[in-house]
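Chemist: predicted structure and sequence below. I'll ask about it afterward.
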Amino acid sequence: MRPIHGVLLGGVLILATAGIALAQGAVDANGQSSTQAQLKATTSAEAGANADASLKPIRERAMKTPAKSRAAVDKRLSEISTQISGEANEKGDVLVAGRIAPEFGLTAEALAAEKTKLDAGLGELVIAHTLAANSKTAVTAEQLFTLHREGLGWGQIAYGLNLRLNEVATAVASEGSVAAGRAKADGKPAMIHTGTRVAAGATTNTGVRAGQTSVGTSSSLGVGVKTGK
């Protein structure tokens with residue numbers, strides 16, 4: 001009778017072990033149970049929903065951007081972006097990223113990694129970081145790229161952030177001068193005031209920089225060249 005008891009006990013233990021494994025969920029090739037995978041997916045979905053919710057007011061306001069002002073700002077920003085990216089193509093991403101990254105509290109490596117992750121040019125990254133740095137709403141450059149890839153122009157995004165459109169191009173041009181090596185980084189992104197005030201001309205020839213005055217001069221990047229200290 002003892003052997004029979006041993007067989008029965010062994011069978012019970014096997015069934016119990018199998019039940020525990022099933023309760024924990026199947027394990028995939030990466031060692032992750034189905035329960036863990038489901039929880040991770042749910043968490044990611046919730047994070048995505050929350051991020052989208054934070055962008056909703058920006059998106060809605062952006063759709064109300066005055067068409068004429070938007071077109072003028074987008075045209076100028078496109079020119080500046082092209083010039084910054086051209087400088088990077090000529091001198092190398094590492095050099096140009098090293099010049100501009102400190103303006104946004106980043107290292108050259110971090111900015112280069114972001115460039116790769118977002119598959120974007122340095123010119124557009126300068127625009128996104130300049131807008132994000134001036135926004136009263138907590139947003140990242142990556143979130144602004146999300147809006148941009150939905151079809152919103154940078155001028156619309158700036159308006160959605162409640163930034164003054166007549167100061168946007170000047171501020172970005174100022175940062176462009178840093179990227180081009182004509183001005184030194186001071187760790188203070190060029191200032192754009194908040195509060196809608198759209199002038200007849202969407203851009204101006206002067207700009208104010210936090211802690212330092214920008215001088216409107218002619219250059220390949222246009223206006224907003226910062227004075228050196």
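Modeler: Ah, there it is.
Chemist: report all helices and strands that the helix or strand encompassing E79 contacts.
Modeler: Following DSSP states H and E, the helix or strand that holds E79 is helix 67-91. Packing contacts for helix 67-91, counted by 3 or more CB pairs under 8 Å, 6 or more residues apart in numbering; DSSP states H and E, involve helix 93-100, helix 122-134, helix 154-160, helix 165-179. No exception for glycine: its C-beta is placed from N, CA and C like everyone else's.
Chemist: model confidence for the closest residue to A141 other than its chain neighbours, exactly?
Modeler: Among residues not flanking A141 along the chain, A128 sits closest, at 3.9 Å (CB to CB, 6 or more residues apart in numbering). pLDDT, the model's per-residue confidence, is 98 for A128.
Chemist: quick one: buried residues of stretch 141-159?
Modeler: 141, 143-148, 152-159 (16 or more other CB atoms under 10 Å).
Chemist: give the contact list for A138.
Modeler: Contacts for A138 (CB atoms under 8 Å, 6 or more residues apart in numbering) come out as S54.
Chemist: how close does it sit to P189?
Modeler: Going from A138 to P189 by CB to CB, to the nearest Å gives 15 Å.
Chemist: host element of the nearest residue to K117 once chain neighbours are set aside?
Modeler: Distances taken as CB to CB, 6+ apart put E142 closest to K117, at 7.8 Å, once the chain neighbours are dropped. Secondary structure assigned from DSSP H and E places E142 in helix 141-149.
Chemist: packing partners of that helix?
Modeler: Applying 3+ CB pairs under 8 Å, 6+ apart, one finds that helix 141-149 makes contact with helix 34-62, helix 108-118, helix 122-134, helix 154-160.
Chemist: now that helix: mean pLDDT?
Modeler: pLDDT averaged over helix 141-149 gives 97.
Chemist: quick one: residues contacting R149.
Modeler: Contacts here follow CB under 8 Å, 6+ apart; on that basis R149 touches nothing.
Chemist: change it to 10 Å
Modeler: R149 makes contacts with 118-120, as judged by CB atoms under 10 Å, 6 or more residues apart in numbering.
Chemist: between those, which is nearest G105?
Modeler: G105 has its nearest neighbour among the contacts of R149 in L118, at 17.6 Å by CB to CB.
Chemist: give me the neighbour count for that closest one.
Modeler: By other CB atoms under 10 Å, the residues close to L118 number 17.
Chemist: pretty sure it sits against H129.
Modeler: No. Using CB atoms under 10 Å, L118 makes no contact with H129, being 11.3 Å away.
Chemist: touching, D93 and G123? I think so.
Modeler: No. Using CB under 10 Å, D93 is not in contact with G123; the gap is 11.5 Å.
Chemist: show me where pLDDT drops low in this protein?
Modeler: 1-51, 196-229 (pLDDT under 70).
Chemist: now T65, what's its secondary structure?
Modeler: Under DSSP: H, G, I helix; E, B strand; the rest coil, the three-state class of T65 is coil.
Chemist: what's the burial count for it?
Modeler: The burial count for T65: 23, using other CB under 10 Å.
Chemist: and if you look at E124?
Modeler: E124: 22 surrounding residues under other CB under 10 Å.
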